[in-house]
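J.: Pasting the sequence and the predicted model now:
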Protein chains: 2
Amino acid sequence: MNGKLAIAQDRFIEGISRIADTFGLNRFVIQLYALLYLRDKPLSLDEMAGALGVSKGNVSVNIRELEKWGAVRNIWVKGSRKDYYQAEPDIKKVFVNKIASAVEKRSEEISSLLDEFGRILNSANGDLNGEEEKLAATYAKKLNEIKRVRDTVVSAAGMMRKIM
Amino acid sequence: MNGKLAIAQDRFIEGISRIADTFGLNRFVIQLYALLYLRDKPLSLDEMAGALGVSKGNVSVNIRELEKWGAVRNIWVKGSRKDYYQAEPDIKKVFVNKIASAVEKRSEEISSLLDEFGRILNSANGDLNGEEEKLAATYAKKLNEIKRVRDTVVSAAGMMRKIM
DNA sequence: ATAAGCATTTAGAATGTTCTAAACACACAG
DNA sequence: CTGTGTGTTTAGAACATTCTAAATGCTTAT
């Protein structure tokens, strides 16, 4: 491959994975997707491992993570016994879906945490002295505030899905 | 403090920090903010360290992280030489700002990465054979696609700021 | 001046995560 | 059958992050 193209590719893959890293995504998973996305054709495990300078086992486990995201799919290549993978071409769909579904999932976790918090607060209601009553009231106020934050974030994620 | 209130508080702090962790946020920073937010009054470093079962040095460094976010502020308490900190009460503002500004920052990083990618591609333009030309064209197409994703995400973040 | 009470910094311990190389299991070809 | 080419799993090495306890340094009180 032409040297400049190779440089461009490596630079892109490196940069994009470093950025994704700051959002808690596994750096190498993103590198894998970036490679397949840029190349826009099916690659085998060995080709990916070679292109990224990494072990085959590593590729094996992380490509399946991408499959779970729906970011990548297994391709049948006639005459080869190898597994080939190709990136889902609609990157917008992949990316926005990933964000929106992460938000929705966290939102559910928060909801159930808040429910539990509320239940414990209620169950404490009988046996509180004056000072504790005040604290319990503060907690209850906070609980409602957080619900509103959750709703804002969820609705932004929904909007993102719509305008995508 | 009443046992049930303490349980509610600990459960909340633990749960919320575990959730935030999956977004790449430091778990303990979130615990600190959650504590101050729930209590809704100024606490000293020692009180925080005690409440969270953690060293004072740890609190010292992470509370300043929260200050940088604008999530917490230093409070003067008459007659005490200690530093007290209180949570910014408008959690929605804190939270939405944090998300929106993270998105904006990443967006700039992506923009400059894409610029660089484009420049290298252009500079390669002269000396490409047929096969390489095709690859370069693919790369260029991808570059534009990513720009559109970036714009979608940025505009969702902006919207979130508006509806907050 | 000296001591006491703080917050901060630091060196390194503890913990958590990611990666590799080798072992393994399976399918197919000869 | 046996060997070869695959993908997967695994044990532990390499690396990165987070935390602590102690050292430090600053400020105030006496």
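T.: Happy to help now that I have it. Numbers count the residues shown, from 1 in each chain, chains lettered A, B, ... in the order given.
J.: pLDDT weak spots in chain A?
T.: Across chain A, residues meeting the criterion (pLDDT under 70) sit at A:1-2.
J.: and residue A:127, that one's in a strand?
T.: No: according to DSSP: H, G, I helix; E, B strand; the rest coil, residue A:127 belongs to no strand; its state is coil.
J.: Residue A:61: neighbouring residues, count only.
T.: The burial metric for residue A:61, expressed as a neighbour count using other C-beta atoms under 10 Å in any protein chain shown, is 10. For the C-beta atoms, the positions are set from N, CA and C on the backbone; glycine is no exception.
J.: Mind telling me what element it is part of?
T.: Using DSSP states H and E, the secondary-structure element containing residue A:61 is helix A:56-69.
J.: and if you look at residue A:47?
T.: Assigned by DSSP H and E, residue A:47 falls within helix A:45-52.
J.: wait, does that helix contact chain B?
T.: No: counting by C-beta under 8 Å from any C-beta of the partner chain, no contacts exist between helix A:45-52 and chain B, the nearest distance being 13.1 Å.
J.: Just the residues contacting that helix, thanks.
T.: For helix A:45-52, the external contacting residues (C-beta atoms under 8 Å, 6 or more residues apart in numbering or on different chains) are A:13, A:28, A:31-32, A:35-36, A:43, A:54-56, A:58-60, A:63, A:82-83, A:85.
J.: Separate out the buried members of those residues.
T.: In the contacts of helix A:45-52, burial by neighbour count holds for A:13, A:28, A:31-32, A:35-36, A:43, A:59, A:63, A:83, A:85, counting by 16 or more other C-beta atoms under 10 Å in any protein chain shown.
J.: ok, for the closest residue to chain B within chain A, nearest residue in space, not its chain neighbours?
T.: The minimum distance from chain A to chain B, using C-beta to the nearest C-beta, falls at residue A:24 (2.9 Å). Distances taken as C-beta to C-beta, 6 or more residues apart in numbering or on different chains put residue B:24 closest to residue A:24, at 2.9 Å, once the chain neighbours are dropped.
J.: Which helix or strand contains residue A:41?
T.: Assigned by DSSP H and E, residue A:41 falls within no helix or strand.
J.: just to revisit the earlier point, can you name the residues that contact the residue of chain A closest to chain B?
T.: Taking C-beta under 8 Å, 6+ apart as the definition, contacts of residue A:24 comprise B:21-25.
J.: SS state for it?
T.: Classification of residue A:24 using three-state DSSP returns coil.
J.: Residue A:88 and residue A:74 touch, don't they?
T.: No: the criterion here is C-beta atoms under 8 Å, and residue A:88 misses it with residue A:74 at 11.7 Å.
J.: the more surrounded of the two?
T.: Just comparing residue A:88 and residue A:74: by other C-beta under 10 Å the higher neighbour count belongs to residue A:88, 17 against 12.
J.: how near is the more buried one to residue A:144?
T.: Taken as C-beta to C-beta, to the nearest Å, the spacing of residue A:88 relative to residue A:144 amounts to 40 Å.
J.: Which members of the buried ones among the contacts of helix A:45-52 additionally contact DNA strand C?
T.: residue A:28 (C-beta under 7 Å from any atom of the strand).
J.: Helices - which of the buried ones among the contacts of helix A:45-52 land there?
T.: A:13, A:28, A:31-32, A:35-36, A:59, A:63 (DSSP state H).
J.: In which helix or strand does the residue positioned nearest the centre of chain A reside?
T.: The residue lying closest to the centre of chain A (C-alpha atoms, centre = their mean) is residue A:98, at 5.1 Å. When elements are assigned from DSSP H and E, residue A:98 belongs to helix A:91-124.
J.: and that helix with chain B, contact?
T.: Yes: using C-beta under 8 Å from any C-beta, a contact is recorded between helix A:91-124 and chain B, made by A:91-92, A:95-96, A:99, A:102, A:106, A:109-110, A:113, A:116-117, A:120-121, A:123-124.
J.: before we move on, the earlier item: now rank the contacts of residue A:24 by neighbours and give me the top one.
T.: Tallying neighbours with other C-beta under 10 Å puts residue B:25 at the head of the contacts of residue A:24, with 17 neighbours.
J.: so what's that one up against?
T.: If a contact means C-beta under 8 Å, 6+ apart, then residue B:25 has residue A:24 as its contacts.
J.: likewise residue A:17?
T.: Going by C-beta under 8 Å, 6+ apart, residue A:17 touches A:27-28, A:30-31, A:34.
J.: is it true that residue A:152 touches residue B:160?
T.: Yes: if you go by C-beta under 8 Å, residue A:152 and residue B:160 touch, sitting 6.7 Å apart.
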